[in-house]
Every structure is written in C-alpha cells, then in structure tokens.
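Asks: A predicted structure for the sequence below; I have some questions about it.
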Amino acid sequence: MARTLTFHIFRYNPQDPDSTPHMQDFVLEETANMTLFIALNRLREEQDPGLMFDFCCRAGICGSCGMVVNGRPRLACQTKTKDLPETITLLPLPVFKLIGDLCVDTGTWFREMYTRTESWIHTSQPFDPAKEEARMDNAVAEAIYEMERCIECGCCIAACSTARMRPDFLGAAGLARIARFAVDPRDERTDKDYFELIGNDFGVFGCMGLLACEDVCPKNLPLQNQLGFLRRKMGITAVKQLLGR
Amino acid sequence: MQTVMTDLLVIGAGLSGERIAVEAAEAGFDVVCLSIVPARRSHSSAAQGGMQAALGNCAMGEGDCPDVHFEDTVKGSDWGCDQEVARMFVEAAPIEMRRLAHWGVPWNRVVPGKSTYFKGGELFEKYEKEEKAGLITARSFGGTAKWRTCYTSDGTGHAVMCTMDNRCAQLGIRVLDRKEAIALIHDGEKALGAVVRCLRTGALEVFLARATAVCTGGFGRLYRATTNAVICDGAGAAMVLDTGLVPIGNPEAIQFHPTGIVPTDILVTEGCRGDGGTLLDVDEYRFMPDYEPAKAELASRDVVSRRMTEHMRKGKGVPSPYGEHLWLDIRHLGDAHISTKLREVDEICKHFLGIDPRESLIPVRPTQHYTMAGIRTDKTGAAYGLRGLFSAGEAACWDLHGFNRLGGNSLAETVVAGGIIGRCIVEFLQGTPAPTFSMDLVRAEVARQKARTQALVSGSQGAEDVFAVRGMMQDALMEGCFVFRNDAGLRACIARLQEALERSQRLGLRSSGKGASPELAAALKLPGQVRLALCIATAALARTESRGSHNREDYPERNDRDWLSRTLAYWDEGATLPRLAYEDATPVFEIPPGDRGYGGGKIIPADPAVVAAKTRAQG
C-alpha cells in the first residue's frame, strides 16, 4: 500500500555563487496521514539539511508555507500527499522575491501593501479608557472579520496575471484589505479617500477579472464579491468626480 | 557590518512585542521590532479561543468583575502566581479589550434575545439583555466562574494580531522580519542590544538600543510533540539564559494538552470531550472510566493527559510510524453536531488527516502546550540581573500563571502585559540617560558569533548532526519530563540531556551554511535549547511536590509548607547543569493558599503564621 513518492523540487540559493537554478529529485516512502509539512521536514533532516522552505504554524493559520504544488499555489501544510500523484513538483511562489529554494519574501510585499492601503482605522476619536466601548452590531463585526481572515500567504498574488505583469498591482489581498476597512464604521474614510488609494490601474481597475485569486485562496475568501463591491463603489465615485460632485 | 541604533529594540513581533512597541512609539521613542517571520505569522495568531477580561456584558458573565477573575487566576495557578501581578492584570484587562476595539479589533458583540449553547453535550438556553446590545460579548472557557473570554469568531489571536500590526504600520514602527537575534550584547550590568542574523542573506548585523525587550514566545519545540508553531523553539529565552545573569523562572512549569492529532500535533479542542467524545485504546476500548469513574474524559487537562500516558505505558497505545497514540471518537455525536458545534475539528480532520470524523477515529496523543516558565521579570517586566532588559508574554515569567495557566489568560496576557510593561519601559527610557556603547564590546560579541558560525561550517569542533542531537533532546524530555515525572525518570532525562549538551558543542554542518541556511540557524540555537531543557528537567527533579501542571508520581501532594516558591534557574558560564535558587511565589496574599476545588490531590499546609503575615486585608 505504501507508495514511493518522487519530489521534483526547485533549488537555488541566491547567496551562493556556485548555485544555479535547477530541479532536484528526492525519493521518500509515503506514510499514513502524511502532509507536505511532514514530507519536507523529513527530506531536510534525512537527505538535504540545506533544503529551504518555510513553515510556521503548520496548521493552516499563519500563511507561511505558500508554494506551487503541481502547478497550483497552495498551503503546503494542509496538502496531504495522498491527494497527490506519486510525482510531486514543488516550486516557489512567483511574483515575490526568491530567498532560496521554496522560500520567498512575502513580508516585504505585504508591509508595502499596508502603507499603500493605509491599512489601519482612520478615526478622529481619541481613546477614553474610562468610557464604555462604542457599540457595534454583531453582524457588522462578523462582516469585518470575514475580510480580516486573510492570512497573507500570497497565493492570490502568485496566481494573478496582472500581478505578474505589473509589480505595483495591489492584487486581491490588497483590495480585500481596502474592503475590510470600507465596511468598518469606525473608519472615517470616505469613498473619495478610497478612490485616491485604489481608483487606478494598480488598484481596482487593474484587475482583468480572471479570478484565479478566489480559486486558489486557502481561506475561501469571497475575493470576487469584494472586487465587485469595490469596483461599483469606485466607479460611482469616478462618475461623481467627473460630474464635479 | 550593518549597525542600527534605536531607543527600544523589541525581539519578537508577536502580540506582546508589538504592544510594547506601540506604547513606546506613542511616547515618541524610536522603536525597532525584529521577528524571525513576518509579524502576522507569529504564534499569537494561532490562538483561536479568546482573551479573558471581566467586562461582564453577556448574560452568562453577569456579575463578573476583576475580583472574580482574580480568584479564578490565583486558583488556576495553584497559588504559584504573583498575586500583585495577577491583580494588575485583571484590573487592566477590560480597558485593554476596549482599547483594542478602538484600534479596530472586530470583537463579537452581544446580540439581545434568546440563544442556545452546549454544555456536556446538552443544550441550554440563555437570554441576552437589550441594554447590553452591541457591547463586547464573551464565551465560556474552562476553570472560570463566569463567561469572560472575549473573542472574534474562531480567530481571536489572528484578528488582534492584524490590528496590532496595523497599529505598528500606522505609527511607522520599523518591523523587520526574517531577523533572528542570536546573542545579547551586554556589559555585565546593562543590556545594550543584540547580534542578529539576517534570515534572507545570512549576514550578521548589530542592533544597539537603550532598552531591549525579549518577546519571543514559548518553547514548546523543545519537546517532540507540541501544539506550538515551529518558531516556538526557546531560542530567545536561551539567549537570555546564556548571559549567565538572568534566570528562567519556574522552568518546570509546562502545560500539556491531551488531544493533539498525530502526526502534526495540531490541537483539537476540549469541546470534543465536553460534548461527549470518548477516548479509545488499541482495542477500541473506552478506558477513561476505569481510571476516573466520576469524570472519565471530562477530568482536567492534566489528569486526562496523565491517564492517557499511563494507559499507553501498559501497552494499550496504537502503533504508528510517528509513535504510539490513542483514538478520539466523536462518531456518535452525529453529522448535525459535528458540522456546526465542532466545525473547526471537522476541518482539521479534513485538512490535516484527510479523514471524516463522522466515520473514522481521530488519532490523538498528549502534547506540550504552553510554557508558564520564562525569563524572570519583576512586575514592571524588567528582567532580573540586567538593567534595560525587559520581557513579556509567553517568553516571560511575569508571573501571572504560576503552575497552571487558564485558557484565555495567556492571549490576554500578551496585550495586557504588553501595555503595562510598555509604559514601564517608557518610564525607564524617560528616566535613564542614553548609555555609551563600547564598540570593543560589540566587536567582541560579533567576533564570538562569527567564530561559532565558522566552526559549524568548517566542522572544526566535530561532525555531530544537528537534527539527530535535537531529536535526542526532544525525546529525553518526552520520556522523562512530560506529564509524568519521577525521580528515576528525571535523573535519566538529565543524563541524556547532558550527553546532548556535550554533543551539541561538537556540531558540524552537512550543508554549505550559505545564505538563509536552515541548518545553520538550527545549529546556532541548539546548545542554548539543550541548556533550557536541562533547566526544565533539573528544576522538575528538585521540586519534590505536585503543583498545577508539575506532577510528581513520587510526591503527589501539593506542599505549601516547603514549596510555596518560585524556581530561579541560572546558567553559569561553562557549567553542565543550571544553578537553582528560590524566591517566594508572591510578595503578598490577597487569597491565602487553599483548595482549587478541582484536580483533587492532598495539600500539605503552609505555616499559618507565615501566611497570615503576608495576607493583605480585603478592601
């Protein structure tokens, strides 16, 4: 019953002048309930201690382990080998800068996105520790959380044709961030403010509507709906601006 | 050599680290946060449950107040906590939850009217009041008298982490990821910063600061089986221990959880057993009622973990390529229940095991879960032994949790302690002139770290395999210093750890060690990890009583007469074992030692005169 798996893995260490990009094969006996987390750690410990990959929570919560598995961006930790054929090809996520082998630099990309989207609550209200909290409808809290579930794994960016053509595109993760604040009543920004941030080709009008972002999102975020919501909002804002209102 | 100077260096950008950073930045200080992963991937984000704070808004939390929260916390700690710290914490927690709401956390809110909830598999009704509509609500957690745990759906840690990191971005705090501190820089009196390895390029860098805060989380990864993220490896605490000046508080205080799945040790909630799930052995026989006739699977975490281990020792475990385990059975709860009330468990089974818990048994085993142990600080978060060094969160022993932490108190501690300690750091920075940095001292430390790295790459000290030695350490703790502890097992564990320590000083890399080499990162931290493991085992051997999570088979009583104390473990340079010292568990008693009301066990009482002298009259 036990299969012998062949892992076809991208190798390149940019910090090593002797290293050149290539694919390398590793062979491993499959065990019960094996995930790519188990398999890659065994490869590192038993066969090649220099093999670079990222895991953190290994429970699908933190978004560290995005990689291209047999052609599709996904979280390695929640990929079970039994759902894959005997030959498994692993590549680093495109778009992001390569650190080595399967590791990419999502951190820099996302911190830049926070700045570009001004990813925080804009409020003129000071915090008063003596006061009861401002009330909020529970349904609103849940709607905010729905968009905040993004784990910044980068799969949607790696799968996005626009992001691969233009490096300044905010992508589904960046636009979902705007949507998160747009539904939050604590944020005092207006549609016009949001238009300044995303009413252009590196924002909401850059999307070609191919929607691979939603297909690959490991958290099943409603990225397509959010995009539609923002496009309508920004479209109306643009028309209003043209009409001078 | 890249050298960065700042007012405050925060090592670790999880919730407590970023909360401290925010406090200092708001006061106008320059702050740099370092993290080995992008901040939002910190283990804080994995905490799903919630944060305890006595807001008393929901129906089941009515009448709650900081005093009730205080009592739960002290009892939970088995009277091991610092009661002054616990008091500060419970008073500040409700305000901190409101502050987080102001910053953007989408807390779940009170929905007025009738609703239902499950307890012990049974359905109950409750009524939420109209006048509380829209205030922050709370859920139930073990060991608490009231529903007090504020939450955001099934992702509280994640949601609060997003908000805190957003706040850092708003304040322009430099949060640098893939930076691993590998040594503190100090002059024997003051902390001056850290030598840092860049995990993008492998280059060494220097960060100098007027104050340094270590907020690197827990150290579950010293154990083979742990619910913790792979980054919770104790390297931060070990780096502080390596100064020889700062002790680890209560290293023996480690919490375990009965149901981590095999092989990945991801936690499945206690709710499974609460709702009627059972534990089965290799013969699919339900064994818990034989050990605990009254409570069976519903006994406390530690009791269930111990009984599971005991049963596996009798040869009743299920063999697997990943070691022995037992089964959790929730098949009889049915599709409607599993799809709604246990959805999270259903998803874990689907994503990480590929099984359907309606039809299949879930492989589980007890795993390490939380370290009450940590860098010992005073109530302001200042580490013992080095001026300008602070610590908060799971990395620290502040000491809110004593020998057992309540669910929901740890995640709340990250932000509440972060706020309190952040303000103390601001006062420290305002009241302390900038130190002069001796560049000779800095160069010497960098040279030491370069030499270590060179030795590992060249193999000049030996050719021991880092993963093999790390495995030896993990197995030694699993076998001798896990849920069951006794004299013989601990002595054997210490002997193996000493061998592991000796071997860890003869490591040689098999890979080139160039760039972001994971093997080099593991090798640099291993000797410190083994020293930390030795602190745990040595302190566990010395503590001849059972208290909270520390269970000695040969000393089953809680001994308040001799052990109402906190262990301080120091590592002197060149030593092969830690040096243990002790201090009183708490400077004052608001609640004198008594029975927890759960967990059972006999108590050897403390001298009543000693207790009376330290008991503060209730105001």
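Replies: Ah, there it is.
Asks: every contact and neighbour count from this point should use C-alpha atoms.
Replies: Will do.
Asks: so how far is residue A:97 from the residue nearest the centre of chain A?
Replies: Residue closest to the average C-alpha location in chain A (C-alpha atoms, centre = their mean): residue A:154, at 2.5 Å. Relative to residue A:97, residue A:154 is positioned 12 Å away (C-alpha to C-alpha, to the nearest Å).
Asks: what residues are shared contacts of those two?
Replies: Counting by C-alpha atoms under 8 Å, 6 or more residues apart in numbering or on different chains, the shared contacts of residue A:154 and residue A:97 are residue A:106.
Asks: got the contact list for the residue nearest to the centre of chain A?
Replies: For residue A:154, the contact set (C-alpha under 8 Å, 6+ apart) comprises A:63, A:66, A:93, A:106, A:173.
Asks: output the longest helix seen in chain A as CSV, nothing but the C-alphas.
Replies: Of all the segments assigned as helix in chain A under DSSP state H, the longest by residue count is helix A:223-242. The C-alpha trace of helix A:223-242 is given here as CSV (Å, rounded to 0.1, in the frame of the first residue of the first chain):
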residue,chain,number,x,y,z
LEU,A,223,-12.5,37.8,-3.2
GLN,A,224,-14.6,38.1,-6.3
ASN,A,225,-17.6,39.7,-4.5
GLN,A,226,-15.3,42.1,-2.7
LEU,A,227,-13.8,43.1,-6.0
GLY,A,228,-17.2,43.7,-7.5
PHE,A,229,-18.2,45.7,-4.4
LEU,A,230,-15.2,48.0,-4.7
ARG,A,231,-15.5,48.4,-8.5
ARG,A,232,-19.1,49.6,-8.2
LYS,A,233,-18.1,51.9,-5.3
MET,A,234,-15.1,53.3,-7.2
GLY,A,235,-17.0,53.5,-10.5
ILE,A,236,-19.7,55.6,-8.9
THR,A,237,-17.1,57.8,-7.2
ALA,A,238,-15.4,58.3,-10.5
VAL,A,239,-18.6,59.4,-12.2
LYS,A,240,-19.4,61.7,-9.4
GLN,A,241,-16.0,63.3,-9.7
LEU,A,242,-16.4,63.8,-13.4
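Asks: contacting residues around that helix?
Replies: Here helix A:223-242 makes contact (C-alpha under 8 Å, 6+ apart) with A:172, A:175-176, A:179, A:191-192, A:194-195, A:199, A:204-205, A:211, A:213-214.
Asks: and the residues you listed, which of them are buried?
Replies: When the contacts of helix A:223-242 are checked for burial by 16 or more other C-alpha atoms under 10 Å in any protein chain shown, the buried set is A:172, A:175-176, A:179, A:191, A:194-195, A:199, A:204-205, A:211, A:213-214.
Asks: now the contacts of helix A:223-242 as a markdown table including distance to residue B:610?
Replies: As requested, the contacts of helix A:223-242 are arranged in a markdown table below (distance: C-alpha to C-alpha, whole Å):
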| residue | distance to residue B:610 |
| --- | --- |
| A:172 | 63 |
| A:175 | 62 |
| A:176 | 60 |
| A:179 | 60 |
| A:191 | 66 |
| A:192 | 68 |
| A:194 | 64 |
| A:195 | 68 |
| A:199 | 70 |
| A:204 | 69 |
| A:205 | 73 |
| A:211 | 70 |
| A:213 | 65 |
| A:214 | 65 |
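Asks: burial of residue 6, as a residue count?
Replies: Just going to use chain A. Using other C-alpha atoms under 10 Å in any protein chain shown, the number of residues around residue A:6 comes to 17.
Asks: that was the other one, I meant chain B.
Replies: Counted by other C-alpha under 10 Å, the residues lying close to residue B:6 total 16.
Asks: name whatever forms a beta bridge with it.
Replies: Per DSSP bridges, the residues bridged to residue B:6 are residue B:209.
Asks: distance of the closest residue in space to residue B:388 that isn't next to it in sequence from chain A?
Replies: Nearest residue to residue B:388, sequence neighbours excluded (C-alpha to C-alpha, 6 or more residues apart in numbering or on different chains): residue B:211, at 4.6 Å. Using C-alpha to the nearest C-alpha, to the nearest Å, residue B:211 is found at 25 Å from chain A.
Asks: surely residue B:591 and residue B:615 touch.
Replies: Yes - the criterion here is C-alpha atoms under 8 Å, and residue B:591 meets it with residue B:615 at 7.3 Å.
Asks: which element, helix or strand, includes residue B:363?
Replies: Using DSSP states H and E, residue B:363 falls within strand B:362-371.
Asks: touching chain A at all, that strand?
Replies: No - for strand B:362-371, no contact with chain A is found by C-alpha under 8 Å from any C-alpha of the partner chain; the gap never falls below 10.0 Å.
Asks: and that strand, what does it pack onto?
Replies: Counting contacts by 3 or more C-alpha pairs under 8 Å, 6 or more residues apart in numbering or on different chains; DSSP states H and E, strand B:362-371 packs against strand B:254-261, helix B:301-311, strand B:326-329.
Asks: could you rerun that using 7 Å?
Replies: Applying 3 or more C-alpha pairs under 7 Å, 6 or more residues apart in numbering or on different chains; DSSP states H and E, we find strand B:362-371 packed against strand B:254-261, strand B:326-329.
Asks: distance of the residue nearest to residue B:578 when sequence neighbours are not counted from chain A?
Replies: Spatial nearest neighbour of residue B:578, excluding adjacent residues (C-alpha to C-alpha, 6+ apart): residue B:571 at 4.8 Å. The gap separating residue B:571 from chain A is 29 Å, by C-alpha to the nearest C-alpha.
Asks: what segments of the stretch 201-350 of chain B are helices?
Replies: Ranges of helices in the stretch 201-350 of chain B, per DSSP state H, counting those that start in this stretch, are B:235-241, B:271-274, B:288-291, B:301-311, B:334-340, B:343-348.
Asks: need those in CSV with distance to chain A, can you?
Replies: Supplementary listing: the helices of the stretch 201-350 of chain B in CSV, determined by distance: least, C-alpha to the nearest C-alpha, whole Å:
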stretch, distance to chain A
helix B:235-241, 15
helix B:271-274, 18
helix B:288-291, 26
helix B:301-311, 21
helix B:334-340, 17
helix B:343-348, 8
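Asks: out of those, which one sits most buried?
Replies: Most buried of the helices of the stretch 201-350 of chain B, by mean neighbour count (mean count of other C-alpha atoms under 10 Å in any protein chain shown): helix B:235-241, with a mean of 26.
Asks: pLDDT weak spots in the chain?
Replies: With no chain named, the answer covers chain A. Scanning chain A for pLDDT under 70 picks out the ranges A:1, A:245.
Asks: let me rephrase: I mean chain B.
Replies: Applying pLDDT under 70 to chain B picks out residues B:120-121, B:598-600, B:617-619.
Asks: which residue does it have closest to chain A?
Replies: Residue nearest to chain A within chain B: residue B:229 (4.1 Å; C-alpha to the nearest C-alpha).
Asks: neighbours of that residue, just the number please.
Replies: Neighbours of residue B:229 under the rule other C-alpha under 10 Å: 24.
Asks: for residue B:363, give the beta-bridge partners.
Replies: Residue B:363 has these beta-bridge partners by DSSP bridges: residue B:327.
Asks: residue B:554 and residue B:485 touch, don't they?
Replies: No - judged on C-alpha atoms under 7 Å, residue B:554 makes no contact with residue B:485 at a distance of 8.0 Å.
Asks: ok, the closest residue to chain B within chain A - contacts?
Replies: Per C-alpha to the nearest C-alpha, residue A:57 is where chain A lies closest to chain B, at 4.1 Å. By C-alpha atoms under 7 Å, 6 or more residues apart in numbering or on different chains, the contact list for residue A:57 reads B:43, B:229-230.
Asks: domain ranges for chain A?
Replies: According to automatic domain parsing, chain A comprises the domains A:4-104, A:117-242.
Asks: so how far is the last one from its chain's centroid?
Replies: This points to domain A:117-242. Distance of domain A:117-242 from its chain centroid, counting by C-alpha atoms, centre = their mean, to the nearest Å, is 13 Å.
Asks: and if you look at the shortest one?
Replies: If you compare the mean C-alpha spot of domain A:4-104 with that of the full chain, they lie 17 Å apart, counting by C-alpha atoms, centre = their mean.
Asks: endpoint to endpoint, that domain covers what distance?
Replies: Using C-alpha to C-alpha, one end of domain A:4-104 lies 28 Å from the other.
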